[in-house]
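K.L.:
okay, sequence plus prediction incoming.
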Amino acid sequence: MKENNMILQMRVNELEKEALKLKKDISVLTNDNETLKADNLVITKALRSTEERLRIELFVKFGSKSEKYRKLFKIPEAYYSLDDLKENLSEEEKTILSDGEKVVKRIKEEEDSKVLALVKKPRNRNPKSRKRGNSNGKQKFDASYSREERIIDIPNKECQQCGVSLISLNTYCEHEYIDLLEKSLQIIREKKPKYYCPNCGVSKNDETGEKNLNILCAPSPKNRFIPGGLAGNNLIATALCDKYFYGLSSYRLSSRFKNFGIDISDQNLSNWFIKAAEELTPLADEILKDILSGSAINSDETTYKVLDEEERKDTSKSWLWVLCSSDKKEPKVYFKYDPSRSSDVFKNLVGDYDGYVQADCYIGYQAKKQDYKFKLALCTAHLRRKFTDALKGGNYQEGSPGYITIDKILKVIGKIYEIDKTERVLFDKGIATEEEFVQKRKKLSSPQFKKLTKVINGRKDFHTNDDNILNGMNYYLKHVELFPKYLEIAALNPDNSLAERIIKGFSRIRMNTLFAGSPRGAKAMATLETIIHSANLNDMDIKKYMKYLLENVSLMRDSLASEANYKRLLPWNMSEETKDKLSIQTMSIKHKKF
């Protein structure tokens, strides 16, 4: 009991000491508080004095001397001008004011210089590094192209100043330019003389006794695509190109022909298009056979809206599948319409093709998951796009983990593209053989793909919660063995850009035509896009070429199916003479790049 009392007494003593210490601390804090109040009062007075002085200075510098502004700024009437203000300042205040004006002037000059630096400077439209055209900046055109010469002579061949006769130097000041000569529609009247044979061309009616003549006329030309129709071959060919290459809808085409003075309904135009497609289908089939006979192809697909499909809503998506040959000398493209995006469509399209197919990683192309014989190579551009989109969407600051990861990955992918570009130049110029090109490119690119795998695996843990980057990483790691597959064959590039460029060209047409009115129209679209795009890739004048096809298909109607030779109508199977007639006459020094 005594021990407990002693412990309690000791505890009381400690508490009394702590209480005494707290009293001292409270006294110190109270004194500090009084000091802070005094300081605060001084600062407040100084601030108010500064505000008062600033208010007066603002009035003197920017205000008006009118009664209105003096009342607004609450300026004493004694302060009318800067001189009045300075008279009431001490020498020390005047020095302070002078130094302040210098500081304000310096700050203003710095701010003005920053603003001028941000202002966009006018572009130098004539830099020294500018690449000029041929002949000191004058455009030159192909010498083989036909010209129309126009001679502009001096009136009366006399000097306009003194009237003396001029002497010819037998030379010319020449200038060439391109002009577009619009040809109007022309109505062609076919006149067929009528004949009858006096020996066998007369028949007699026994009842009436009247004589009937058996009229004979020359047969209609067999090369007319629509015999007896209101459109000639050239008109149909022009309409085909305007719709399926330039993207004009049937309604717009109808309006265009009205400006020429003739009324052609959009229904008539649609009927011509479908008829042309159905008769040219064997030609499109031959293009597909040629594509599948190559060592490598590029593939892609895009949506297309088609109306009146069986058991489907008009808002449902249909698909156009695209196959492109990887042959740059004889490029080919094939479109296939189908309501479905199922892998069965692609299986029926490629059949037992055992070459290389380059595409995205859509499951319909996956050779491991489908019963395909071809070897799949994935598009590196799709992989790069995953990370460029992540960089935009994530808004990563420079130096952040996300920025560093994406920067490393894109640099490695850029190196892969650079290797292919550098080595392909040597291959295209014939400096390296195909085998040397494949081996050298593979030798240089394989370490880059290994480095890419190492970077992605090494930095994946930094982005476990960042879906922007993680999606791209998983996309690569799930198909890591398919991206370098293109290295095995010279015909393929790192990406599938060939098929995507074709899709992009079609998308511009789709934006204008919007939809196909029926599955029959969609099939016609696919067939005609196949033929027209293949012709364009082979530098054919598509209007001349389509007219040529319409005429030849018309002549082949009487032939048996086994005798019809559609292969000879393809651009790469034509004779050189025919190809020259139908090819584009290139006037510009800039040639089309495939």
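P.N.:
Everything's here; your move.

K.L.:
in the longest strand seen in the chain, what counts as buried?
P.N.:
Secondary structure assigned by DSSP state E gives strand 296-306 as the longest strand of the chain. Judged by neighbour count using 16 or more other CB atoms under 10 Å, the buried positions of strand 296-306 are 296-302, 304-306. Using the backbone N, CA and C atoms, a C-beta is placed for each residue, glycine as well.

K.L.:
go through these and name the one nearest Leu570.
P.N.:
Comparing the buried residues of strand 296-306 against Leu570 with CB to CB picks out Ile297 as the nearest, at 17.0 Å.

K.L.:
okay, now the unreliable bits of the stretch 1-150 of the chain?
P.N.:
Within the stretch 1-150 of the chain, the ranges that satisfy pLDDT under 70 run 1-5, 7, 42-90, 92-93, 96-97, 100, 103-104, 107-108, 111-112, 114-146.

K.L.:
at the geometric centre of this structure, which residue do we find?
P.N.:
With the centre of the chain defined as its mean C-alpha position, the nearest residue by CA atoms, centre = their mean is Lys504, 7.0 Å away.

K.L.:
now it, what's its secondary structure?
P.N.:
At Lys504 the chain is in helix, as set by DSSP: H, G, I helix; E, B strand; the rest coil.

K.L.:
what of Asp495?
P.N.:
Reducing the assignment to helix, strand or coil with three-state DSSP, the entry for Asp495 is coil.

K.L.:
leaving out the residues flanking it, which one is nearest to it?
P.N.:
If the residues on either side of it in the chain are set aside, Asp495 comes closest to Ala381, at 3.5 Å by CB to CB, 6 or more residues apart in numbering.

K.L.:
ok, now Glu330?
P.N.:
If you skip the residues right next to it in sequence, Glu330 has Trp572 as its closest partner in space, 4.1 Å away by CB to CB, 6+ apart.

K.L.:
export the strand or helix carrying Thr238 as PDB, just CAs?
P.N.:
In this structure, Thr238 sits in helix 233-244 according to DSSP states H and E. Included here for helix 233-244 are C-alpha records, laid out as PDB according to Å, rounded to 0.1, in the frame of the first residue of the first chain:
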ATOM      1  CA  ASN A 233     -19.300   2.600-125.200                       C
ATOM      2  CA  ASN A 234     -17.300   5.800-124.400                       C
ATOM      3  CA  LEU A 235     -20.200   7.200-122.400                       C
ATOM      4  CA  ILE A 236     -20.600   4.100-120.300                       C
ATOM      5  CA  ALA A 237     -16.800   3.800-119.800                       C
ATOM      6  CA  THR A 238     -16.700   7.400-118.600                       C
ATOM      7  CA  ALA A 239     -19.600   6.900-116.200                       C
ATOM      8  CA  LEU A 240     -17.900   3.700-114.800                       C
ATOM      9  CA  CYS A 241     -14.700   5.600-114.100                       C
ATOM     10  CA  ASP A 242     -16.500   8.600-112.600                       C
ATOM     11  CA  LYS A 243     -18.400   6.300-110.100                       C
ATOM     12  CA  TYR A 244     -16.000   3.600-109.300                       C
END
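
K.L.:
average pLDDT across it?
P.N.:
Taken as a whole, helix 233-244 carries a mean pLDDT of 88.

K.L.:
what sits up against it?
P.N.:
For helix 233-244, the external contacting residues (CB atoms under 8 Å, 6 or more residues apart in numbering) are 185, 223-226, 231, 248-250, 253, 256, 269, 272-273, 276, 509, 513, 525, 528-529, 532, 542-544, 546-547, 550-551, 554.

K.L.:
now the angle from the helix or strand following the longest strand of the chain to strand 296-306?
P.N.:
Sequence order places strand 317-325 as the next helix or strand after strand 296-306, per DSSP H and E. Computed by axes from the mean of the first three to the mean of the last three CA atoms, to 10 degrees, the angle separating strand 317-325 from strand 296-306 equals 160 degrees.

K.L.:
ok, back up a step: any idea how far the residue nearest to Asp495 lies from Lys450?
P.N.:
If you measure Ala381 against Lys450 using CB to CB, to the nearest Å, the figure is 20 Å.

K.L.:
which one's more surrounded, the two?
P.N.:
Neighbours were tallied for Ala381 and for Lys450 using other CB atoms under 10 Å; the higher tally belongs to Ala381 (17 against 13).

K.L.:
tell me who's in contact with that one.
P.N.:
Applying CB under 8 Å, 6+ apart to Ala381 gives the contacts 494-497, 500.

K.L.:
show me which of the residues you listed are buried.
P.N.:
494-496, 500.

K.L.:
give me every residue that touches Asn493.
P.N.:
The neighbourhood of Asn493, defined by CB under 8 Å, 6+ apart, consists of 420, 424, 486.

K.L.:
ok, it to Asn538 distance?
P.N.:
Using CB to CB, we find Asn493 at a distance of 20 Å from Asn538.

K.L.:
before we move on, what about Cys162?
P.N.:
Cys162 sits 60 Å away from Asn538, taking CB to CB as the criterion.

K.L.:
hmm, back to that, name the helix or strand for the residue nearest to Asp495, please.
P.N.:
According to DSSP H and E, Ala381 maps onto helix 380-394.

K.L.:
what of Lys336?
P.N.:
Counting by DSSP H and E, the element that carries Lys336 is strand 333-338.

K.L.:
who's in contact with that strand?
P.N.:
284, 287-288, 291, 304, 306, 318-325, 345, 349, 502, 506, 519, 522-523, 525-527, 529-530, 533-534, 537.

K.L.:
before we move on, the earlier item: if we only consider the buried residues of strand 296-306, which is nearest to Tyr403?
P.N.:
Ranking the buried residues of strand 296-306 by separation from Tyr403, with CB to CB as the measure, puts Asp300 on top at 31.3 Å.

K.L.:
show the pLDDT at that closest one.
P.N.:
Spelled out, the predicted local distance difference test score at Asp300 is 90.

K.L.:
contacts only, for it.
P.N.:
With contacts defined as CB under 8 Å, 6+ apart, the neighbours of Asp300 are 321-322, 359-360, 496, 499-500, 502-503.

K.L.:
what's the closest of those to Val480?
P.N.:
The nearest member of those to Val480, counting by CB to CB, is Asp360 at 15.4 Å.

K.L.:
backbone phi and psi for that closest one, please?
P.N.:
Per-residue torsions, Asp360: phi -80, psi -170 (degrees, to the nearest 10).

K.L.:
residues touching the closest residue to it other than its chain neighbours, list them.
P.N.:
Ranked by CB to CB, 6+ apart and with sequence neighbours excluded, the top spatial neighbour of Asp360 is His382, at 5.0 Å. Contact criterion CB under 8 Å, 6+ apart gives 360-361, 475, 495-496 as the residues in contact with His382.
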